[in-house]
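K.L.:
3D, please:
(4 chains)
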2 protein chains.
Amino acid sequence: MALGKDYVAQECSIARALEVVGERWTLLVVRDAFYGVRRYNDFLVHLGIPRAVLAARLQTLTAAGVLEKRRYQESPPRDEYVLTERGRGLWPTVRSLGLWGRLHFTETLLRYFRHTICGTELGPYGECAACGTVVPLEDVEMMPGPGLDPAPEDPVSRALLKPKRLLQPIETEPLGTEPLGTEPLKADPV
Amino acid sequence: MALGKDYVAQECSIARALEVVGERWTLLVVRDAFYGVRRYNDFLVHLGIPRAVLAARLQTLTAAGVLEKRRYQESPPRDEYVLTERGRGLWPTVRSLGLWGRLHFTETLLRYFRHTICGTELGPYGECAACGTVVPLEDVEMMPGPGLDPAPEDPVSRALLKPKRLLQPIETEPLGTEPLGTEPLKADPV
DNA sequence: ACGTCTTGGTTCATTCACCGAACCTTGGGT
DNA sequence: ACCCAAGGTTCGGTGAATGAACCAAGACGT
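P.N.:
Numbering: from 1, shown residues only, chains lettered A, B, ... in the order given. As a prediction, this is how the structure comes out:
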């Protein structure tokens, strides 16, 4: 946490956990990592987070072993951040928190998650009621709900509009792929 | 969150949830509420949180419907803060976060939780493997582990040393109940 | 060879939440 | 009349978050 004084006095594993993922923005970065976001710029535009804060969070999460910085191309050297095994262990937390938010503070369904193999929606902890098992992350499919903005600004949100597996890297459209017909309008919204 | 700008751009129930419980200290207050802490002063001494921050958090959580402020005595009017149904819905989140912290950042076992009826330790999501059910909060018994400080300073931590049910109000010793034999020593630790 | 673009940052001034100590208020108790 | 306990509020100082500007390495067109 590194905010003045940590939760240092707390003899509690929850406090330990919050020292790692309890800062502002951190859990949203982790959520995006589950959604398949991996690159600095994608986190940036999707979260709308200040650059300095994002750099600090990625640094902290990497140091804590939640994310791993990994070279994905050499020619211009570029790194991506992917969840480690430890990071993937946060799925039940992220899942249950999201479900709680959806149940109590959301009007329309934004996203839901289902077991790819059988199609049933996940339970509160990421388990499949039909199969009776905790679904491995690779078999979780994220589905868009009716509450999502159908034409969001940033390319990452657009990439997240279609169903996709968790952890599977997002595919942002190569630039210039504006949704046809929207660009040339320049309609004056008065 | 009310920090500059909320997570307002986020179309996400996780972001919604974090606006309520994502601030510093908030989830620890909720944890304490699960542990049976109910009164301002008990939160204060157990968390070591600044008074103003605690007041703000209790206010926010009450406004969000996570806690309920309830009069527990009239003569000097006193209120306590107890978890609502909505607040109790955070148990999976708190449980999974604590388990994650314990698995990755704790050396010795601090606390564990078991099903009162059959005695088995809870699974990752608060379920009982033996009974095959999710254990209702009232049937969860919090047990001290070997990693806990056996003689903590504050009375709340002392009250949490003995096994107790979740949500069951803590019993702080009436003052003057110093652990016999420790007080008069005044051993100089040099 | 030159300017430009993309990616992934760092720097910096300003704002705002956190901190901790002191103070306040209500209602006993003695 | 005085003191105490519970539950706060006030206030000056500190440090993190914010957002805009700047920086740098490497590709790429011309």
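K.L.:
next structured bit after the worst-scoring helix or strand of chain A on mean pLDDT?
P.N.:
Within chain A, confidence by mean pLDDT, DSSP states H and E is lowest for strand A:133-134 among all helices and strands, at a mean of 84. Sequence-wise, the next helix or strand downstream of strand A:133-134 (DSSP states H and E) is strand A:140-144.
K.L.:
how does chain A divide into domains?
P.N.:
Residue ranges for the structural domains of chain A, counted by automatic domain parsing, are given in the record as A:13-86, A:89-165.
K.L.:
partners of the least confident helix or strand of chain A in the sheet?
P.N.:
strand A:127-128 (antiparallel) (DSSP bridges).
K.L.:
mind listing the helices for chain A?
P.N.:
If you assign secondary structure with DSSP state H, the helices in chain A sit at A:13-21, A:26-35, A:40-47, A:51-63, A:85-88, A:91-105, A:155-159.
K.L.:
okay if I get the ones you listed as TSV plus mean pLDDT, distance to DNA strand C and mean neighbour count?
P.N.:
In short, each C-beta sits where N, CA and C put it, glycine included. Conversion of the helices of chain A to TSV gives the following (pLDDT from 0 to 100; distance: least, CB to the nearest atom of the strand, whole Å; neighbours: other CB atoms under 10 Å in any protein chain shown):
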stretch	mean pLDDT	distance to DNA strand C	mean neighbour count
helix A:13-21	95	12	24
helix A:26-35	98	12	23
helix A:40-47	96	4	19
helix A:51-63	98	4	16
helix A:85-88	98	17	17
helix A:91-105	96	18	23
helix A:155-159	94	10	19
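K.L.:
to B:Arg102, which of those helices lies closest?
P.N.:
helix A:13-21 (3.8 Å; CB to CB).
K.L.:
what about that closest one, near chain B?
P.N.:
Yes: Helix A:13-21 reaches chain B (CB under 8 Å from any CB of the partner chain) through A:Ser13, A:Ile14, A:Ala15, A:Arg16, A:Ala17, A:Leu18, A:Glu19, A:Val20, A:Val21.
K.L.:
look up how far A:Arg165 lies from A:His115.
P.N.:
Distance, A:His115 to A:Arg165, using CB to CB, to the nearest Å: 11 Å.
K.L.:
and for A:Thr172?
P.N.:
For A:Thr172 relative to A:Arg165 (CB to CB), the value is 17 Å.
K.L.:
sorry, back to before: tell me which of the domains of chain A lies nearest to B:Pro155.
P.N.:
If you check each of the domains of chain A against B:Pro155 by CB to CB, domain A:13-86 wins as the nearest, at 19.2 Å.
K.L.:
mind checking the end-to-end distance for the closest one?
P.N.:
As for domain A:13-86, its first-to-last residue distance stands at 15 Å under the measure CA to CA, to the nearest Å.
K.L.:
between A:His115 and A:Arg165, who's got more neighbours?
P.N.:
A count of neighbours by other CB atoms under 10 Å in any protein chain shown puts A:His115 above the other of A:His115 and A:Arg165, at 22 against 13.
K.L.:
residues touching that one, list them.
P.N.:
Shown in contact with A:His115 (CB atoms under 8 Å, 6 or more residues apart in numbering or on different chains): A:Glu121, A:Leu122, A:Cys128, A:Ala130, A:Cys131, A:Val135, A:Asp139, A:Val140, A:Glu141.
K.L.:
of these, closest to A:Ile49?
P.N.:
For the contacts of A:His115, the minimum distance to A:Ile49 (CB to CB) is 24.9 Å, reached by A:Val140.
K.L.:
and the closest one, bridged to which residues?
P.N.:
Listed by DSSP bridges, the beta-bridge partners for A:Val140 are A:His115.
K.L.:
how close does the nearest residue in space to A:Asp139 that is not next to it in sequence get to DNA strand C?
P.N.:
Distance criterion CB to CB, 6 or more residues apart in numbering or on different chains; nearest residue to A:Asp139, sequence neighbours excluded, is A:Thr116 at 4.9 Å. According to CB to the nearest atom of the strand, to the nearest Å, A:Thr116 stands 29 Å off from DNA strand C.
K.L.:
now do the contacts for A:Thr116.
P.N.:
By CB under 8 Å, 6+ apart, the contact list for A:Thr116 reads A:Asp139, A:Val140, A:Glu141, A:Arg165.
K.L.:
any residues in contact with both of A:His115 and A:Arg165?
P.N.:
A:Asp139, A:Val140, A:Glu141.
K.L.:
number of residues surrounding the last one?
P.N.:
A:Glu141: 19 surrounding residues under other CB under 10 Å.
K.L.:
touching, it and A:Lys162? I think so.
P.N.:
No: under the criterion of CB atoms under 8 Å, A:Glu141 is not in contact with A:Lys162, lying 10.6 Å apart.
K.L.:
leaving out sequence neighbours, find the closest residue to A:Arg38.
P.N.:
Residue nearest to A:Arg38 in three dimensions, not counting chain neighbours: A:Glu80, with 3.9 Å by CB to CB, 6+ apart.
K.L.:
same question for A:Leu137.
P.N.:
Residue nearest to A:Leu137 in three dimensions, not counting chain neighbours: A:Leu166, with 4.9 Å by CB to CB, 6+ apart.
K.L.:
including distance to A:Arg71, could the helices of chain A go into a markdown table?
P.N.:
What follows is the helices of chain A, written out as a markdown table (distance: least, CB to CB, whole Å):
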| stretch | distance to A:Arg71 |
| --- | --- |
| helix A:13-21 | 24 |
| helix A:26-35 | 17 |
| helix A:40-47 | 13 |
| helix A:51-63 | 13 |
| helix A:85-88 | 18 |
| helix A:91-105 | 25 |
| helix A:155-159 | 21 |
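K.L.:
which stretch among these comes nearest B:Ala56?
P.N.:
helix A:13-21 (17.7 Å).
K.L.:
follow-up on the earlier one: restricted to buried residues, select the contacts of A:His115 in PyMOL.
P.N.:
Those of the contacts of A:His115 that meet the burial criterion (16 or more other CB atoms under 10 Å in any protein chain shown) are gathered into one PyMOL selection, given here:
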select buried, chain A and resi 122+128+135+139+140+141
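K.L.:
sounds good, over and out.
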